[in-house]
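Colleague: Structure, please.
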Amino acid sequence: MLKLYNFGTSVCSVKVRIGMAEIGLDYEDIQINLQKGEQFAPEFMALNPSAAVPVLIDDGMIIVESSLILEYLDRIYNASNLMPKDRAAEVEARHWLLRCIAIHAAANTLTFSTVNRSRSLASKTPEEIEAGIAKMPDPVNQIKRRDLYAQGLKSPYVAQALMHLRRAFADMDAALSKGDWITGPDFGISDIALVSYVDRFERLGFEGLWQDSTPRVGEWLAAMQARQSYTDEVLGKIDPKGAASMRETGSEFWPELEGIWNAIT
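Modeller: Okay, here's the model as predicted:
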């Protein structure tokens with residue numbers, strides 16, 4: 001059986017779990033608690049030296065990076081049925097898979113500059129925060145995390161994140177003006193690849209990022225959230241109280257974030 005090392009609220013884990021549900025794949029669910037730092041355990045870092053989830057194990061083969069995992073599962077176990085057959089649409093879908101790197105970075109930035117920062121500053125000493133950052137294997141990610149904790153929404157990483165998101169939402173809205181799904185009339189891999197990130201922004205209380213200027217993104221998100229895969233792999237695996245707490249805390253940051261967002265052209 002496929003083994004999936006993941007964490008319930010991890011956006012990249014959600015992305016792969018939704019894909020597996022859409023394909024109809026069973027898997028052994030192995031939870032790596034990111035909040036407790038289990039991703040830094042030597043036995044897990046032997047699987048992924050980047051200390052990141054998800055990690056897929058298929059007959060002894062280790063596969064990391066959520067977009068790669070998603071594409072692999074569709075190709076090997078689903079005859080690539082989630083990938084558009086039209087040549088131009090396939091290129092567009094693969095481009096979205098690549099763009100997920102920047103979109104994921106934006107989700108990370110907005111999460112850690114708001115809710116996670118607020119919670120950590122309230123519950124940990126500066127020494128404890130630094131000890132956690134020091135465990136991160138990528139020194140550049142350490143610099144980013146320190147800056148997010150130090151400056152919050154004033155960090156330049158926030159402006160960078162919003163720049164990427166403004167372009168992504170505009171491109172999604174334009175694509176959705178031509179059909180119900182991101183790369184055409186048929187549901188596909190691009191929809192699965194993007195939904196966990198947009199869902200995270202809504203869970204943070206940041207749906208104002210698209211409500212006025214790119215409303216089709218919100219309509220698409222609602223359609224994704226109505227699918228059984230979302231019910232099973234998101235609603236069924238995320239604590240409702242934790243979700244409510246995230247939205248309540250995140251919403252407190254929206255007025256300041258909205259001002260930065262409106263200044264991004």
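
Colleague: Can you give me the neighbour number for residue 50?
Modeller: Residues contacting residue 50 under the criterion other Cβ atoms under 10 Å number 15. Quick note: C-beta positions are derived from backbone N, CA and C, even for glycine.

Colleague: Sticking with the nearest residue to residue 11 once chain neighbours are set aside, tell me its helix or strand.
Modeller: Taking Cβ to Cβ, 6 or more residues apart in numbering, and ignoring the residues beside it in sequence, residue 11 has residue 196 as its nearest neighbour in space, at 4.4 Å. Here residue 196, judged by DSSP states H and E, is contained in helix 189-203.

Colleague: Can you report how many residues lie near the residue nearest to residue 11?
Modeller: 28.

Colleague: on that earlier part again, quick one: name whatever helix or strand follows the helix holding residue 196.
Modeller: Moving toward the C-terminus from helix 189-203, the first helix or strand encountered (DSSP H and E) is helix 215-225.

Colleague: For that following helix, report the contacting residues that lie outside it.
Modeller: Helix 215-225 is touched from outside by 169, 172-173, 176-177, 180-182, 191, 195, 198-199, 202, 207, 210-211, 230, 234, with contacts defined as Cβ atoms under 8 Å, 6 or more residues apart in numbering.

Colleague: again with stretch 105-113
Modeller: Residues from elsewhere that reach stretch 105-113, judged by Cβ under 8 Å, 6+ apart: 11, 144-145, 148-149, 151-153, 155, 157-158, 160-162, 164-165, 197, 200-201, 204, 206, 257.

Colleague: PyMOL command for the buried members of those?
Modeller: Typed into PyMOL, the line below selects the buried ones among these, using 16 or more other Cβ atoms under 10 Å:
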select buried, resi 11+144+145+148+149+152+153+155+157+158+160+161+162+164+165+197+200+201+204+206+257
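
Colleague: residues contacting the residue nearest to residue 11?
Modeller: Residue 196 touches 11-12, 14-15, 18, 234, counting by Cβ under 8 Å, 6+ apart.

Colleague: Out of the residues you listed, which two sit at the greatest distance?
Modeller: Spatially, the most separated pair among those is 12 and 234, at 13.1 Å (Cβ to Cβ).

Colleague: Walking through the stretch 1-150 of the chain, point out its strands one by one.
Modeller: 2-6, 27-31, 55-58, 61-64 (DSSP state E, counting those that start in this stretch).

Colleague: Relative to residue 121, which of those is closest?
Modeller: The closest approach between residue 121 and any of the strands of the stretch 1-150 of the chain, judged by Cβ to Cβ, belongs to strand 27-31 at 26.4 Å.

Colleague: So what are the sheet partners of the closest one and their directions?
Modeller: strand 2-6 (parallel) (DSSP bridges).

Colleague: And the helices in this structure, which stretches?
Modeller: For the chain, the helices defined by DSSP state H occupy 11-23, 42-45, 66-77, 87-112, 115-123, 126-134, 139-151, 156-176, 189-203, 215-225, 228-230, 240-251, 254-263.

Colleague: buried sites along the second one?
Modeller: Neighbour counts using 16+ other Cβ under 10 Å place residue 44 of helix 42-45 among the buried residues.

Colleague: again with the fourth one
Modeller: Judged by neighbour count using 16+ other Cβ under 10 Å, the buried positions of helix 87-112 are 89-90, 92-94, 96-97, 99-100, 102-112.

Colleague: Then the shortest one?
Modeller: Within helix 228-230, the residues scored as buried using 16+ other Cβ under 10 Å are 229-230.

Colleague: got the contact list for the spatially closest residue to residue 217 that is not a sequence neighbour?
Modeller: In this structure, residue 217 finds its nearest non-sequential neighbour in residue 210, 4.1 Å apart by Cβ to Cβ, 6+ apart. Contacts here follow Cβ under 8 Å, 6+ apart; on that basis residue 210 touches 169, 173, 198, 217-218.

Colleague: Not counting its neighbours along the chain, what's nearest residue 81?
Modeller: Using Cβ to Cβ, 6+ apart and skipping residues adjacent in sequence, the residue nearest residue 81 is residue 74, 7.0 Å away.
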